[in-house]
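>>> Just the structure for this:
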Amino acid sequence: MAASMVRCWISSNNSKLVKRLVLCGRNGNCNRSYSATQTPKDTTDDIHAENTTEDGYLEDASVEDWSLDPEDDVTRIRDVSRLGPRLKQRLRKERPSIDRDFKLTKDYSRKLYGKMGSASGVNPQILWPNLDELRDRIEFEKRFEPTFEANMKKIQKWDERREKKLQARLQNVEKAMAKMPNLIKQYHLKLETAKKQADAEQEKLDQLNREATEIYGPMKRTDYRLKDYISTRLKEERRAEKQAKMEERQLKKQQKASKEKAEEGKATEEIKSAEEKVAEGM
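Presented below is the predicted three-dimensional model:
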């Protein structure tokens with residue numbers, strides 16, 4: 001695994017030490033590939049040949065590779081974190097390199113000094129705002145940022161509105177609690193009336209069942225004759241009730257009309273008597 005990683009890395013970093021490590025890895029793999037039963041006949045010749053190939057391979061390397069520091073190559077090989085230089089600087093808490101234009105601004109310098117302090121190398125004197133910036137800031141605060149007194153007034157108004165809402169809610173709760181006993185009584189009366197109606201309907205059904213048994217004899221509840229008899233009797237009773245209601249309405253209308261006529265007659269008589277009195281006075 002390590003040998004394959006080094007071979008991949010050699011394409012970008014051609015140094016003497018790396019090539020030597022690769023060749024050593026190849027030699028080790030070649031020696032391991034032989035089994036215990038099949039050993040090479042003359043191992044000294046193979047080692048000599050590999051050394052000669054290694055020397056020839058290193059002789060072909062460029063002169064620039066010899067100038068590289070072997071310790072840097074070792075650290076590169078050992079570094080398996082795959083982190084970029086910026087992340088490494090951040091982990092080591094080092095000052096980041098200035099490689100972009102926004103890092104030359106005052107805002108970035110303030111941010112850097114706030115994170116690292118004097119270790120950032122930023123002069124804190126340049127971080128203070130100048131007169132123009134102070135004037136702009138003051139004008140901005142006057143226009144768009146309210147003062148402390150204005151904020152306090154807003155808070156007082158908000159507290160007053162909240163207190164009013166709370167008082168109104170408490171008053172509504174008190175009124176509702178005062179109505180609670182009457183509402184409970186009405187609820188119990190409603191339950192009693194519903195129970196009475198259910199009992200009356202059940203009594204009516206029992207009576208109809210008795211009448212049906214008297215007419216047709218004993219029968220099951222699922223018998224169609226019983227169902228037909230009960231449905232017809234219920235329809236007749238409903239019709240009778242509707243007819244009674246219609247008659248009551250007609251009677252009320254007639255009584256109302258008679259009262260209106262009586263009142264009109266009285267009014268006409270009063271008018272006539274008043275006219276007669278006026279004529280006599282004339």
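>>> Please enumerate residues in contact with stretch 85-101?
Stretch 85-101 has contacts (Cβ atoms under 8 Å, 6 or more residues apart in numbering) with Ser81, Leu83, Lys103, Leu104, Leu112, Met116, Ala119, Ser120, Gly121. C-beta coordinates here come from the backbone N, C-alpha and C atoms, glycine included.
>>> in which helix or strand would I find Lys272?
Secondary structure from DSSP states H and E places Lys272 in helix 224-281.
>>> again with Phe140
Per DSSP H and E, Phe140 falls inside helix 131-144.
>>> avg pLDDT for the helix or strand that that helix is followed by?
Moving toward the C-terminus from helix 131-144, the next helix or strand (DSSP H and E) is helix 148-216. Averaging pLDDT along helix 148-216 yields 93.
>>> and helix 148-216, what other elements does it pack with?
When contacts are defined as 3 or more Cβ pairs under 8 Å, 6 or more residues apart in numbering; DSSP states H and E, helix 148-216 sits against helix 224-281.
>>> Next, the angle from the helix it packs on to helix 148-216.
Counting by axes from the mean of the first three to the mean of the last three Cα atoms, to 10 degrees, helix 224-281 lies at 120 degrees to helix 148-216.
>>> Which other helices and strands does helix 224-281 contact?
Contacts defined by 3+ Cβ pairs under 8 Å, 6+ apart place helix 224-281 against helix 148-216.
>>> Would you point out the helix or strand in the chain whose mean pLDDT is lowest?
Every helix and strand of the chain was ranked by mean pLDDT, DSSP states H and E. The lowest is helix 43-59, at a mean of 41.
>>> hang on, the earlier thing: name the member of the contacts of stretch 85-101 with the most neighbours.
Within the contacts of stretch 85-101, neighbour counts (other Cβ atoms under 10 Å) peak at Leu112, which reaches 19 neighbours.
>>> Could you measure from Glu211 over to Leu104?
Distance from Glu211 to Leu104, counting by Cβ to Cβ, to the nearest Å: 107 Å.
>>> thinking again about what came up before, run the chain-centre distance for the helix holding Phe140.
Here helix 131-144 is found 39 Å from its chain centre; the criterion is Cα atoms, centre = their mean, to the nearest Å.
>>> before we move on, what about stretch 218-226?
61 Å.
>>> Phi first, then psi, for Asn130.
phi -90, psi -180 (degrees, to the nearest 10).
>>> How much space separates Glu280 from Ser273?
11 Å.
>>> Which one's more surrounded, these two?
Ser273 (10 against 7).
>>> Show the pLDDT at that one.
On pLDDT, Ser273 comes in at 80.
>>> do the one 4 residues further on as well
The score at Lys277 is 76. That number is its pLDDT.
>>> any idea how far it is from Ile271?
Distance, Lys277 to Ile271, using Cβ to Cβ: 11 Å.
>>> tell me the secondary structure for the closest residue to Thr213 other than its chain neighbours?
Distances taken as Cβ to Cβ, 6 or more residues apart in numbering place Met219 nearest to Thr213, at 6.9 Å, with adjacent residues excluded. Using DSSP: H, G, I helix; E, B strand; the rest coil, the three-state assignment for Met219 comes out as coil.
>>> residue contacts, Met219?
Shown in contact with Met219 (Cβ under 8 Å, 6+ apart): Ala212, Thr213, Arg225, Leu226.
>>> change it to 7 Å
Contacts were defined as Cβ atoms under 7 Å, 6 or more residues apart in numbering; by that measure Met219 touches Thr213, Arg225, Leu226.
>>> Select from those residues the one having the most neighbours.
Compared across the contacts of Met219, Leu226 has the highest neighbour count, 18 neighbours, by other Cβ under 10 Å.
>>> so who does it touch?
Contacts for Leu226 (Cβ under 7 Å, 6+ apart) come out as Asn209, Ala212, Met219.
>>> Now distance to Phe144 too, for the residues you listed, in CSV please.
Formatted as CSV, the contacts of Leu226 follow (distance: Cβ to Cβ, whole Å):
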residue, distance to Phe144
Asn209, 85
Ala212, 89
Met219, 91
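>>> Alright, calling it a day.
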